[in-house]
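J.: mind looking at a prediction? Sequence and model below.
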Amino acid sequence: MTCNTIQRAGKICINNSCANQLAHYYCENCKFWDNDKNKKIFHCEKCGVCRNGLRENYIHCDKCNACLATEYHKTHKCIERSLECDCPICGEFLFTTIAPIIFMPCGHGIHFLCHRDHLQSSYQCPICLKSVTDMSNFFNQIDIMLANHQMPPEYAKIKSLVLCNDCEKKSIAAFHFVYHKCNFCKSYNTKVMKTFNEADLDEDEVEHLEDL
């Protein structure tokens, strides 16, 4: 557009009398130009795309098939090809997004801003339902609340078989209209699978329920 010379994609104009630099950054593999001098960009051969940031600040995880910040790489939970999916909140494809991404403790990826907004209404991963933050203080408050507000006497023998979203184990919990505590990790992030009257079952039948 400067000297009207027809040419292949490149960073520098091939016309010797022009030799204009077409952009501050150019990637031969992606055929990608960016003229923001303040932006740091590098091409990851394994990802096959250009990434925002300094190359030395990222390490490529072969199992996740994603570039991860060096401080996070050693402690992250690997999920095979974890970014080759849509953001569970906004639906944008995570592998090629330019928006900042974080990985939740369960290993699933999500946009940073989507994660922040999601936490305003939920503490669960929108994919696997595991707790995405330390819930110990909140669960302790539930313990105190339940200790001060007993269920009606007619529910004393009613129990629930629950599956814990956090530790993925089944256990028997005292029936409650809302809250059911995991006997293993003490989480209230559970879902009721079956409700029954303890008086109607013997010990072997109750143990069999946990094995279902």
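T.: Thanks, I have it.
J.: would you map the helices across the protein?
T.: Under the criterion DSSP state H, helices of the chain are mapped to 70-73, 112-118, 136-148, 203-211.
J.: now mean pLDDT, mean neighbour count and distance to Lys31 too, for these, in CSV please.
T.: C-beta here means a position set from N, CA and C on the backbone, and glycine is covered the same way. Below are these laid out as CSV (pLDDT from 0 to 100; neighbours: other CB atoms under 10 Å; distance: least, CB to CB, whole Å):
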stretch, mean pLDDT, mean neighbour count, distance to Lys31
helix 70-73, 83, 12, 28
helix 112-118, 96, 15, 28
helix 136-148, 95, 12, 50
helix 203-211, 61, 11, 57
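J.: nearest to Asn4, out of those helices?
T.: Minimum separation from Asn4 across those (CB to CB) falls at helix 112-118, 42.6 Å.
J.: can I get the closest one as CSV, trimmed to CA atoms?
T.: C-alpha atoms of helix 112-118 as CSV (Å, rounded to 0.1, in the frame of the first residue of the first chain):
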residue,chain,number,x,y,z
PHE,A,112,-10.0,-15.0,33.7
LEU,A,113,-12.9,-12.5,33.4
CYS,A,114,-15.5,-15.3,33.0
HIS,A,115,-14.1,-17.0,36.1
ARG,A,116,-14.3,-13.8,38.1
ASP,A,117,-17.9,-13.2,37.1
HIS,A,118,-18.8,-16.9,37.7
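J.: would you mind measuring from Arg8 to Ser160?
T.: Plainly put, Arg8 is 68 Å away from Ser160 if you go by CB to CB, to the nearest Å.
J.: may I ask which helix or strand of the chain has the lowest mean pLDDT?
T.: Lowest on mean pLDDT, DSSP states H and E among the helices and strands of the chain sits helix 203-211, with a mean of 61.
J.: mind saving the C-alpha coords of stretch 60-70 as PDB?
T.: Extracted C-alpha coordinates of stretch 60-70, given in PDB (Å, rounded to 0.1, in the frame of the first residue of the first chain):
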ATOM      1  CA  HIS A  60       4.600 -25.800  26.700                       C
ATOM      2  CA  CYS A  61       2.800 -28.800  28.400                       C
ATOM      3  CA  ASP A  62       2.700 -31.700  25.900                       C
ATOM      4  CA  LYS A  63      -0.200 -33.400  27.600                       C
ATOM      5  CA  CYS A  64      -2.400 -30.300  27.900                       C
ATOM      6  CA  ASN A  65      -1.100 -29.100  24.500                       C
ATOM      7  CA  ALA A  66      -0.900 -25.500  25.800                       C
ATOM      8  CA  CYS A  67       1.600 -22.900  26.900                       C
ATOM      9  CA  LEU A  68       1.500 -22.400  30.700                       C
ATOM     10  CA  ALA A  69       3.100 -19.700  32.800                       C
ATOM     11  CA  THR A  70       6.300 -21.000  34.300                       C
END
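J.: any chance of the helices of the chain in TSV with distance to Glu92 as columns?
T.: TSV is the format used below for the helices of the chain (distance: least, CB to CB, whole Å):
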stretch	distance to Glu92
helix 70-73	21
helix 112-118	9
helix 136-148	30
helix 203-211	41
